[in-house]
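[1] sequence and predicted structure are below.
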Amino acid sequence: MSGTVRLSRRRFLQVMAGTAGALIVGVRMARGADAPVPLDMLGDTLYGLGPYIRIDADGSVLIGARDPDTGTGVATALPRILADELDADWQHVRVVQLGLGVANGNGEPRWIYGQQAGGTGNSMSRAWRDLRAAGALARWLLVQAAAQQLGIPAERLRTEKGVVISPDGRRLRYGELASAATKITPPQNPPAVKTPDRYTLIGQPAGDVDARGIVTGQTPYSFDQHFGDAVVAVLSHCPWPDGQLAELDQSDALAIKGVLKVVELKPDPKLPPGQTVIAPAVAVIAETTWLALQGRRALKLSWKPGASNSESTAALEQQATSLLDSDSAPTTRVRDDGDTDKAAHKGARRVDATYYQPWLAHATSEPMNCLVRLDKNSATLYVPTQAPQQAWTVVQRLTGLLPDQIDIRVPRIGGGYGRRLDHDYVAEAVLLAQAIDKPLHLFWTRDEDLAHDYYRSGCVHKLNAVIDRKRQIIAWNQRLASASALTGRGVSSDRLWTSEVDVNQLPAGFVPNYRSDWFSLASSTPRGPHRGMPHITNAFAVDSFVDEIAFALKEDPLHTRLRLIGEPRLVPLQGGGAIDTARLANVLQLVADRINWKDWLHTVNGLGIACWYMDGAYVAHAVEVSMRGEQLTIQRAVCAVDVGRVINPMGLEGQVAGATLDALSNALNLAITVKDGQVQQNNWKDYPLASMAQLPNTVEVITVPGEGDPAGASFLAMPSVAPALANAVFRVSAVRVRRLPLMKELLRLL
Amino acid sequence: MAQNHAAPATKGADIPPVAVRAGIELQINGENYRHTGDPQMPLLWYLRDVLRLDGTKYGGEHGEGGADLVLVDGKATSAIGVTMDKLSGKQVTTVEGLVTVKGELHPLQQAFIDEDAIGCGYCTPGWLIASMDLLNRRKDPSDSDIDTLPNLCRCGCQTRVRSAIKRAAASMKQGAKA
């Protein structure tokens, strides 16, 4: 017996019997009018269903994790949502990472698990409803089975930690019931989910499901996967994305025993960035990594620049400032509330400032790599990808295989930050495997990884605010110039700003006359999605500027912020939803109280504060710094977040602390620079992530308990960090840093 | 010139037969290994490509970041920075070798779990090795001792690693007393 329960027109739950008396429940997606795949055709396969539960006769519970885990904790948090609804014993739950769920729908891919993506900050909100429904259905089936066995109405039974308990104290373990549960006819509608007061796992702290494997070196990343006979490829990319090979002498490389082949790769100009080779390249394929590296060293190789060789980050900044200073430069008007021009005449004073932020790399810990095996009718890949469906597209185009002939496996990933939403390295691996006709592991050395990236564009913000006699900000004018991350990616030119600025970002909606303009920079340096964008760059400018306004008004910057936020109310967002000002003020007040803000003027150290809103979640930071000579020490970092319901407090605290430190590391030290069209950084010394000593000893995390649907938190805690730091530095040094990275600029200004 | 094998060797000039064992012998996680390949190969690729001990990670060509740290005779050493010919007779411990023979976690590993000192986890083995080296030298490491760790972490686990090292030091002290 088996069956389905519809959740919506396109999503449904499927129940089936596994071998040896197992009960399986999964979430599935249908496309339009597609009939569900007949269950007897699926067989007892672990990979046939979505984020499934499998309850075996021995009581063990297996839960599939759908979204790739780049260190965001979704492989722990999402299964716990399901396990809670099931009332499973977490001790007996094992989580397996699912590969890409793709079926063949007449030659077109059918994504059987729905959208699979990691590190995009919305896994939690997407999965919340489906997973609870799946857990509730499995529990309902088990209880019905128990009711039949015990001869007691289901309503009188309760469940707890993997056991159904009757009023007279009889206990039936889920494992004993699993087989019988598969014979129960599922209900017409999904059973009701738990009320929050009955949660046992949601809201309780849990360690990472992979923790033991990681600390013992047993959790394999894509980089650690093997096919027995795979060869290894390393490569050298052209320093100019539009350059070409000038000279190649491969004889010394091929003279090394075990070096098999040297292959030239070229980008396909018809394809968007991220779907083809990032720049012309020469790859060395060898029997082992060490031989491939030696082979690469032995290549005699030179490159010719393309038209991009005149580009530099310094020139781009000049381009930005001249656009921002011009009254006639072409612009995209992102938002225009009230009449900022008119308001300018009514003001008592005006505050102006310009902020400069650098280009950034992704710098993932695990470098780009991909293991691929191509056979006549199949492709098997291990890919560290945040978006397995896009990886599939790249593989399908190059191999021409049918949708379900491509098996994409996604092990735990060594950091993503948006880099792995692009799949240039997958295209390279497939092309190389085709060239050598052997299973192949492509791996980018660190120099390639840093010098060939889809970078975050540098940007310049020019802000002015008009303040009336009552010290109210009556007009806010933001002019931003940057190179869009979306250029060439199939986005119409009037939407290119969406990767650079948010239409609802603070203080939009809080100032009666508000204007936001975006100016496009022309750049050939590859760009792509980057963690926390567009909030990170905008929050630095906006939250620094609020401090400058406070200084101009000779006011406590906390007070200026609270005045700007105003009375508790809902400020509507363009596109729906609203900012709850009480929640925003609350996180701000929480960090202020924790850092003893009342001493802000009197302490020897500098205190800085900032807050931000994004996608239903609220965050504030307070930072305390001291300076001795040129030595800046971050004494304290406090962060408060309000994300609605917290699934795993331990995971959330880790994400918040981690994002805070990552944002500090960015703000303190990091910049990618381009000169003569070439990226100048190619190792960790040039791109110095913060060391242990540069970072605070702890991050004090305050989480606001909430009731609303959970919002993602993987980069929530980033935007308010850099402005809080710069504001604190201003307090301690009287130097206003308007250019990042901060340390270099601070030392220049001191 | 062909040797006359039948001729008796001259007494005095006798060379005692020595068993020639080609290659480099070393111990890894308590087991004996002999490397007969390229003596210039960095240890990292021997561990990963030959032994399939994948816990030790690649961070960069020069070992910056510390993802490739292993213990060589108890001292944290970059596995990509040390070639096989330097390792004859040495004892190497990788992250896989931190557990006891019975498979029990070292207090440091347990402390990393308890403090959730794990982001993506890719650089974690390197942090564990560097922390082991520190705890070998300092039973009660101060904050400035911990500041000397060379590791980089892109996920921002530094504060939680700091807590984990302190927790491990405390539990090791307790263990020593018991």
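    In hand now; what should we look at?

[2] okay, now the closest residue to A:Asn513 other than its chain neighbours: neighbour count?
    In space, and not counting its chain neighbours, A:Asn513 is closest to A:Gly338: 3.5 Å by CB to CB, 6 or more residues apart in numbering or on different chains. Quick note: C-beta positions are derived from backbone N, CA and C, even for glycine. Per other CB atoms under 10 Å in any protein chain shown, the neighbour tally for A:Gly338 reads 15.

[3] which residues are in contact with A:Gly338?
    By CB atoms under 8 Å, 6 or more residues apart in numbering or on different chains, the residues touching A:Gly338 are A:Ala475, A:Pro512, A:Asn513, A:Tyr514.

[4] from these, keep the buried residues only.
    A:Ala475, A:Asn513, A:Tyr514 (16 or more other CB atoms under 10 Å in any protein chain shown).

[5] out of the contacts of A:Gly338, who's nearest chain B?
    A:Tyr514 (33.2 Å; CB to the nearest CB).

[6] what pLDDT does the closest one get?
    Here, the pLDDT recorded for A:Tyr514 equals 98.

[7] surely it forms part of a strand?
    Yes: A:Tyr514 forms part of a strand when assessed by DSSP: H, G, I helix; E, B strand; the rest coil.

[8] so what's it bridging to?
    Applying DSSP bridges to A:Tyr514 gives these bridge partners: A:Asp337, A:Trp476.

[9] need the contact list for it.
    Contacts of A:Tyr514 by CB under 8 Å, 6+ apart are A:Arg335, A:Asp336, A:Asp337, A:Gly338, A:Thr340, A:Ala475, A:Trp476, A:Asn477, A:Pro507, A:Ala508.

[10] what residue in the stretch 551-700 of chain A comes nearest to chain B?
    For the stretch 551-700 of chain A, CB to the nearest CB, closest residue to chain B: A:Leu661, 3.0 Å.

[11] that residue: what secondary structure?
    Classification of A:Leu661 using three-state DSSP returns helix.

[12] quick one: low-confidence residue ranges for chain B.
    Applying pLDDT under 70 to chain B flags the ranges B:1-13, B:20, B:178.

[13] list the buried residues in stretch A:456-471.
    Applying 16+ other CB under 10 Å to stretch A:456-471 flags A:Arg456, A:Ser457, A:Gly458, A:Cys459, A:Val460, A:His461, A:Lys462, A:Leu463, A:Asn464, A:Ala465, A:Val466, A:Ile467 as buried.

[14] and A:Leu584, what is it in contact with?
    Applying CB under 8 Å, 6+ apart, the residues contacting A:Leu584 are A:Ile565, A:Cys611, A:Tyr613, A:Tyr618.

[15] before we move on, which element is it in?
    If you go by DSSP states H and E, A:Leu584 is part of helix A:581-594.

[16] A:Phe510 too?
    Using DSSP H and E, no helix or strand contains A:Phe510.

[17] how about the residues of the stretch 451-600 of chain A near chain B?
    Within the stretch 451-600 of chain A, no position is near chain B by CB under 8 Å from any CB of the partner chain.

[18] and the helices in the stretch 451-600 of chain A?
    A:535-552, A:557-565, A:581-594 (DSSP state H, counting those that start in this stretch).

[19] residues in contact with the residue in chain B that chain A sits nearest to?
    Using CB to the nearest CB, B:Gly55 is the residue of chain B that sits closest to chain A, at 2.0 Å. Contacts for B:Gly55 (CB under 8 Å, 6+ apart) come out as A:Thr216, A:Gly217, A:Gln218, B:Thr94, B:Val95, B:Glu96, B:Pro125.

[20] surely the last one is in a helix?
    It stands for B:Pro125. Yes: B:Pro125: assigned to a helix according to three-state DSSP.

[21] can you give me the neighbour number for residue 174?
    If you meant another chain, say so; for now it's chain A. 30.

[22] wait, chain B was what I had in mind.
    Other residues close to B:Gln174 by other CB under 10 Å number 10.

[23] touching the helix or strand that contains A:Val164 from outside, list them.
    Using DSSP H and E, A:Val164 falls within strand A:163-165. Here strand A:163-165 makes contact (CB under 8 Å, 6+ apart) with A:Asp89, A:Leu142, A:Val143, A:Ala146, A:Leu157, A:Arg158, A:Thr159, A:Arg171, A:Leu172, A:Arg173, A:Tyr174, A:Leu177.

[24] quick one: contacts of whichever helix or strand comes after it?
    As assigned by DSSP H and E, the chain's next helix or strand after strand A:163-165 is strand A:171-173. With contacts defined as CB under 8 Å, 6+ apart, strand A:171-173 is touched by A:Gly59, A:Ala146, A:Gln149, A:Leu150, A:Gly162, A:Val163, A:Val164, A:Ile165.

[25] alright, I will stop here.
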